[in-house]
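A.B. asks: Everything below, folded, please.
(one chain, ligands or ions: 3)
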Amino acid sequence: MELNLQFTVSDTKELLFKKNELYIFVVQPKIEISPNLKKVQNKSKTDIKTILDNSNFKAKFGENLLIRSSNQPFLLFGCGDLIYTNSNFEKLGGILFSTIKDLGFKTVSIISDLKISSAKEKKLISKMLFGIKSKSYEFKKYKNSNISENKINLKFIKIYTKNQSFIQKQIQINNHILDGIFLAKDLTSEPANILTTEEFVNQIKGFSEIGIEVEILDEDQMTKLGMNALLGVGRGSKSKSYLGIMKWNGNKKEKKNIAFVGKGVCFDSGGLSLKSGRGMMDMKEDMGGAGIVVGAMKSIALQKLKTNIVGVVGLVENMPDANAQRPGDIIRSMSGKTIEVLNTDAEGRLVLADALYYTNKKYKPKFIVDLATLTGAIISALGNERAGLFSNDDNLSNSIFDIGEETGDLVWKMPLDKVYGTKMKSSIADLKNIGTAEGSSIQAASFLKNFIGTTPWAHLDVAGVVWKNNQTELHSGGATGWGVKLLFEVAKRQNI
Ligand code: BES
Ligand code: ZN
Ligand code: ZN
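C.D. replies: Ligands and ions are numbered 1, 2, ... in the order given. Next comes the predicted model:
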């Protein structure tokens, strides 16, 4: 849940001062006393030059100097002199939120004193506002509010700018993107006793209110379609398995669409190939890929992007049970390819095998991007900073890589040589669901490749990035919402 922050935009000419509000001046190193600073200097009856001379404040990136004048409190907030990129300004916003949240002010105003072009400034300030709101999210739903510690008073954030209408519009876009990010965070944070497959379906059904066409395939329908790979994973669970389909038709003139497919394993116990206690502890997050897809669909619909997108999520729970599938079982996937299930913990690829095949066959998309918390090995390779990117199409993967750099949802290209795929061939079925321990993230990706034909496709192994225990400038720790911005941008530039 984010704080209910309200942003308003005013013209710089209207800058008035109110004693009980905090005025924040965003400044660069080598501070000059600008007309705006002069105004606050007069109001606060301070001498900024002397204050600066007596302090160590150099306006470095994220550095702040609070001047608690009883006439008028104000804060200088440095943005350093590193490259002024969007993602740096988002981070600055996050740092600014952390700086001011406990100061007790209900209303703060932000005034930019940046000596850069107005075109650049308005973009960077918008990103800063994104960062402020992004950092305000914390998942505190299950904490009794009367015993929760620090209550934050901050509610109103006023921005003084010469570019009122631009910033106003950007705040709207920020809100739409953040609504999707916060939804992905909520879903990934919810425990598996609450976010069951049924509950996940309920969440998706609610999307019809924002213009998304929703279709849910239940077990009977999937049985008829022959989706035994997906269904096999859910056999040990009391919760039913589903395929959730969300369609956004933002461009009625265009027939083609693009597809996002997500792994939605609401809990991964490993099945009969049971995980250890340690290994199982975090497995409520195994629907993280589906969470990103759902979050992005929400942002796309709220922003009414003029593109056609289909989002598909395979929703199952992987549990051990008398009815669960066994290591050694052979199943026939929807594609007709048979799979020897040697390890029931390598279940994500089974879910995706049918979800990808179905999506490709039914929608014939221009390209497919799938997202899955697929392997622990990708965490060993890339940590929590970058998702693994596997693709059969250089154009698509280059675009995704670049968009990752721009949005901060970072990826890293991994290989997909044919030879890795040979490890996934079974001696008694077409495929087996585990290979060898070496390069197992690549083997998993090679397995998926069998189900997408020649359609341009990118697979993002997001096991390391959906959750981060430590805080960052933009997140307070926990579910990250990684990937929503990435998919939103991919959708926006649909002619990739
Ligand atoms: N959901 C896990 C992968 C995972 C691990 C996600 C840690 C997030 C954090 C996946 O279903 C799995 O269990 N993969 C196995 C595959 C193996 C049996 C070939 C793994 O990575 O160990
Ligand atoms: Zn597993
Ligand atoms: Zn899993």
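
A.B. asks: For the stretch 351-496 of the chain, what lies in contact range of ligand 1?
C.D. replies: Within the stretch 351-496 of the chain, the positions adjacent to ligand 1 are 373, 375, 376, 377, 434, 440, 463 by CB under 6 Å from any ligand atom. (Each C-beta comes from the backbone N, C-alpha and C, glycine too.)

A.B. asks: Low-confidence ranges, this structure, go.
C.D. replies: Low-confidence segments of the chain, defined by pLDDT under 70: 146-150, 495-496.

A.B. asks: and it, what are its domains?
C.D. replies: The chain breaks down by automatic domain parsing into domains covering 6-162, 176-492.

A.B. asks: Comparing those domains, which comes out most buried?
C.D. replies: Ranked by mean neighbour count, the domains of the chain are led by domain 176-492 with a mean of 21 (mean count of other CB atoms under 10 Å).

A.B. asks: how about the strands in the stretch 251-400 of the chain?
C.D. replies: Taking DSSP state E, counting those that start in this stretch to define them, one finds strands in the stretch 251-400 of the chain at 258-268, 308-318, 329-332, 338-341, 368-372, 387-391.

A.B. asks: how about the ones you listed, which one is nearest ligand 2?
C.D. replies: Closest approach to ligand 2 among the strands of the stretch 251-400 of the chain (CB to the ion): strand 258-268, 4.4 Å.

A.B. asks: Which strands or helices does that closest one pack on?
C.D. replies: Packing contacts for strand 258-268, counted by 3 or more CB pairs under 8 Å, 6 or more residues apart in numbering; DSSP states H and E, involve helix 197-205, helix 288-302, strand 308-318, helix 348-363, strand 368-372, helix 484-492.

A.B. asks: quick revisit: rebuild the domains of the chain as TSV, extending it with distance to residue 168.
C.D. replies: Listed next are these as TSV, based on distance: least, CB to CB, whole Å:
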stretch	distance to residue 168
domain 6-162	5
domain 176-492	14
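
A.B. asks: okay, the ones you listed in a markdown table with distance to ligand 3 next?
C.D. replies: Listed next are the domains of the chain as a markdown table, based on distance: least, CB to the ion, whole Å:
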| stretch | distance to ligand 3 |
| --- | --- |
| domain 6-162 | 21 |
| domain 176-492 | 4 |
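
A.B. asks: which stretch among the ones you listed comes nearest residue 170?
C.D. replies: Smallest distance to residue 170 across the domains of the chain (CB to CB): 3.5 Å, for domain 6-162.

A.B. asks: ok so, going back, adding distance to residue 70, write the residues of the stretch 351-496 of the chain next to ligand 1 out as JSON lines.
C.D. replies: Shown next, in JSON lines, are these (distance: CB to CB, whole Å):
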{"residue": "373", "distance to residue 70": "53"}
{"residue": "375", "distance to residue 70": "58"}
{"residue": "376", "distance to residue 70": "56"}
{"residue": "377", "distance to residue 70": "59"}
{"residue": "434", "distance to residue 70": "68"}
{"residue": "440", "distance to residue 70": "63"}
{"residue": "463", "distance to residue 70": "53"}
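
A.B. asks: Is it correct that residue 420 is in contact with residue 448?
C.D. replies: No. Judged on CB atoms under 8 Å, residue 420 makes no contact with residue 448 at a distance of 11.6 Å.

A.B. asks: So which of the domains of the chain is nearest ligand 2?
C.D. replies: Here domain 176-492 is closest among the domains of the chain (CB to the ion), at 3.8 Å.

A.B. asks: what's near enough to touch residue 255?
C.D. replies: Contact analysis of residue 255 by CB atoms under 8 Å, 6 or more residues apart in numbering lists residue 308.

A.B. asks: Mind telling me what element residue 24 is part of?
C.D. replies: strand 22-27 (DSSP states H and E).

A.B. asks: That strand: how far from the chain's middle?
C.D. replies: Relative to the centre of its chain, strand 22-27 is centred 29 Å away, using CA atoms, centre = their mean, to the nearest Å.

A.B. asks: Just name whatever secondary elements that strand is in contact with.
C.D. replies: Taking 3+ CB pairs under 8 Å, 6+ apart as contact, the helices and strands that strand 22-27 lies on are helix 35-44, strand 74-78, helix 86-100, strand 107-112.

A.B. asks: please redo it, this time with the cut-off set to 7 Å
C.D. replies: Secondary-structure packing of strand 22-27 (3 or more CB pairs under 7 Å, 6 or more residues apart in numbering; DSSP states H and E): helix 35-44, strand 74-78, strand 107-112.

A.B. asks: TSV please, covering the ones you listed and showing distance to ligand 1.
C.D. replies: TSV is the format used below for those (distance: least, CB to the nearest ligand atom, whole Å):
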stretch	distance to ligand 1
helix 35-44	48
strand 74-78	37
strand 107-112	38
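
A.B. asks: Export these as TSV, with columns for distance to ligand 2.
C.D. replies: Putting those into TSV (distance: least, CB to the ion, whole Å) gives the following:
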stretch	distance to ligand 2
helix 35-44	56
strand 74-78	45
strand 107-112	46
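
A.B. asks: thinking again about what came up before, how about the strands of the stretch 251-400 of the chain in CSV, adding distance to ligand 2?
C.D. replies: Below are the strands of the stretch 251-400 of the chain laid out as CSV (distance: least, CB to the ion, whole Å):
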stretch, distance to ligand 2
strand 258-268, 4
strand 308-318, 6
strand 329-332, 16
strand 338-341, 12
strand 368-372, 11
strand 387-391, 16
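
A.B. asks: The strand holding residue 24 to strand 107-112, inter-axis angle?
C.D. replies: Per axes from the mean of the first three to the mean of the last three CA atoms, to 10 degrees, the angle that strand 22-27 makes with strand 107-112 is 20 degrees.

A.B. asks: Can you give the strand pairings for strand 22-27, parallel or anti for each?
C.D. replies: strand 74-78 (parallel), strand 107-112 (parallel) (DSSP bridges).

A.B. asks: could you give the angle of the first one to helix 86-100?
C.D. replies: To tie it back to what came earlier, the one meant is strand 74-78. Calculated by the same axes, to 10 degrees, strand 74-78 forms an angle of 150 degrees with helix 86-100.

A.B. asks: Please state the offset of strand 74-78 from the chain centre?
C.D. replies: Between the centre of strand 74-78 and the centre of its chain there are 30 Å (CA atoms, centre = their mean).

A.B. asks: Residue 337 reaches residue 448, doesn't it?
C.D. replies: No. The pair residue 337 / residue 448 is not scored as a contact, 11.9 Å apart, by CB atoms under 7 Å.

A.B. asks: show me what contacts residue 155?
C.D. replies: 4, 5, 6, 106 (CB atoms under 7 Å, 6 or more residues apart in numbering).

A.B. asks: before we move on, what about residue 111?
C.D. replies: 15, 23, 24, 25, 36, 160 are the contacts of residue 111 under CB under 7 Å, 6+ apart.

A.B. asks: what sits against the last one?
C.D. replies: If I follow you right, that is residue 160. Residue 160 neighbours (CB under 7 Å, 6+ apart): 10, 12, 15, 109, 111.

A.B. asks: and if you look at the fifth one?
C.D. replies: Residue 36 makes contacts with 15, 25, 111, 113, as judged by CB under 7 Å, 6+ apart.

A.B. asks: Surely the second one touches residue 76?
C.D. replies: Think residue 25. Yes. Counting by CB under 7 Å, residue 76 is a contact partner of residue 25 at 5.4 Å.
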